[in-house]
Each structure stands twice: as structure tokens, then as C-alpha cells.
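>>> Pasting the sequence and the predicted coordinates here, then a few questions.
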Amino acid sequence: MTHFCYFHGLPGSSAELYFLDAQDIEKPEVLHPANWGTEKRHDSRGSVSLIGFSMGAFGALKAAAANSAVDSLHLIAPAAPLELGEFLHDMAGAPVFRLAARHPWLLSALTGAQGAVNRFAPDALLNRIFAESPPSDKALLDDEDFRKASRHGFHSAFVRDRQRYLSTLKDYVHPWAGLTREIRCPVHIYQGSADTWTPPAMAEALARHLGNRCTLKSLPELGHYSALHTVLPQILRS
């Protein structure tokens, strides 16, 4: 039996897996990207498979590099090391990463403001964040459960767990591609062709960097969250 550990996105939380509630699928163990050392085997006779979504890939890759017991690694719309290419100009979240690298105090102020907007005008924040998203992602905004899960993730990152959110972003923007040399398990990348958060070029660069141990599957017309909703159930059923 495979034990799945899922590293959620940032901003994000365990609530982003709400869509699994209506499916006959056992939910994975959910971890914050910063908690990459806490994944564990619950059954020594079974296998451990890690899943990283978006910024969660940062934690999942670190975990796979540090834990030889990991049997497989699945990355959905992964936020790859920035040093692998010139990606920022194609990333919807580029301003956040630039602030994390150059002006962390401004990022802290921005995060506080986002937390306030999420409390008093959550729909305005959601609509702003998804303004440049592809149709496959914008369609999710019609689902109130998706909006609720997104608000929960924003509150978790911008308010409740703000310092860990900020510290993870600061760690991410510094070079870390070298640690992937320690990964021994097969890596599977799933990337939406219309993703505006983690562009396809980022997934392609990561796949090249990982070499023969990695496979890359392109998902036509899918964006960031629509890729997650499409692929995660397939992985958990495998």
C-alpha cells in the first residue's frame, strides 16, 4: 500500500484538497512546504510517494533529496528553482518573488495588506489574483467551494501562518537546484500548457535538470489549479 504525502501550495492549505471530498479517494497526508523533514512511513511494508503542488514542489523536492525511503515523486505545476532559467517575466506571482529576494520588509507589508483584504473583501482579492488566469482556472471561481478553500489558504498564509509563509518564500528565491542531485527516485511532472503561475518553460527546465529519472506530461489548455484538479485524483488512484 502506498502512503501519499502532499505538499500544498503557497498561499494554500489543506483546504485546497476540498474537491476530493466528493470522490471515493483517501486523502493524502498534507504538509506545509516548510515541513519537508516530517514526511514518514506509516507502514514499513508499504511505499512512500510524495506529491508537490506549485510551491509545494519546493518542499517535495527537498524531502525526496533528503529521504532515500521515498519511492516516487509527483510534481504538479511545480515552482522550480529560479536559477534554472529566465522565468519571472512569465510568472503571475513575479512581484512577490522579486520582493522576497530584494525587499523582504515590503513583502511582509504586502502580505499584511493581503490578509486584510482577504478578511474584508475576499472576492475582490480572488478576482484580482485570477485576473490573468486561463479559462480553465477562471471557471473554478464559479464554484463556491473553490472560493472558500482559496480564502482559507489565503488566511493561512497571510495571517495565521504568516512568518512561515514569508520565510519559505525567502528560502525559495535563493539558489537550491543543486540539492536535486541527491534525488534517486523517479520523478513525474504534470504541467498545464496554459499555466500563468508556473509557466511551462519552468517545468521543462526542471525536467531537463533532473534528467533521465524524470518524465514530463503536458496538459493541453489547463492552467494551475485546473491541472491540480485533473491530475491529483489520478495519482492517488494509481
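That came in fine, so what should we check first? If you're wondering where the values come from, they're calculated on a predicted model, not measured in any experiment. Residues are numbered from 1 along each chain as shown.
>>> Let me see the ranges of the strands in the chain.
All strands of the chain, identified by DSSP state E, fall at 2-7, 29-31, 47-53, 70-76, 187-192, 214-219.
>>> Can you pull out the low-pLDDT segments for this protein?
Low-confidence segments of the chain, defined by pLDDT under 70: 38-46.
>>> what's near enough to touch the residue nearest the centre of the chain?
Against the mean C-alpha coordinate of the chain, by Cα atoms, centre = their mean, the closest residue is Ser54 at 2.2 Å. Shown in contact with Ser54 (Cβ atoms under 8 Å, 6 or more residues apart in numbering): Gly9, Leu10, Gly12, Ile76, Ala77, Pro78, Ala79, Trp197, Thr198, His224, Leu228. Just so you know, the C-beta spots here come from the backbone N, C-alpha and C atoms, and that holds for glycine as well.
>>> now it, nearest residue through space, not along the chain?
Gly9 (3.6 Å; Cβ to Cβ, 6 or more residues apart in numbering).
>>> How about Gln114?
Phe158 (4.8 Å).
>>> Quick check: that neighbour touching Tyr165?
Yes: taking Cβ atoms under 8 Å as the definition, Phe158 is a contact partner of Tyr165 at 7.2 Å.
>>> Show me whatever sits in contact with both of those two.
Each of Pro11, Thr111 lies in contact with both Phe158 and Tyr165 under the rule Cβ under 8 Å, 6+ apart.
>>> ok, Thr196 - contacts?
Asp90, Met91, Ala92, Glu132, Ser133, Pro134, Gly223, His224.
>>> do you know how far it is from Met91?
To Met91, Thr196 is 8 Å away according to Cβ to Cβ, to the nearest Å.
>>> where do the contact lists of the two overlap?
Common neighbours of Thr196 and Met91 (criterion: Cβ under 8 Å, 6+ apart): none identified.
>>> The residue nearest to Ser54 and Phe158: what is the separation?
14 Å.
>>> ok, now Ala65?
Taken as Cβ to Cβ, the span from Ala65 to Phe158 is 29 Å.
>>> thinking again about what came up before, could I get the strands of the chain as a markdown table with mean neighbour count and distance to Glu83?
Putting the strands of the chain into a markdown table (neighbours: other Cβ atoms under 10 Å; distance: least, Cβ to Cβ, whole Å) gives the following:
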| stretch | mean neighbour count | distance to Glu83 |
| --- | --- | --- |
| strand 2-7 | 23 | 20 |
| strand 29-31 | 20 | 24 |
| strand 47-53 | 26 | 18 |
| strand 70-76 | 24 | 17 |
| strand 187-192 | 25 | 18 |
| strand 214-219 | 16 | 17 |
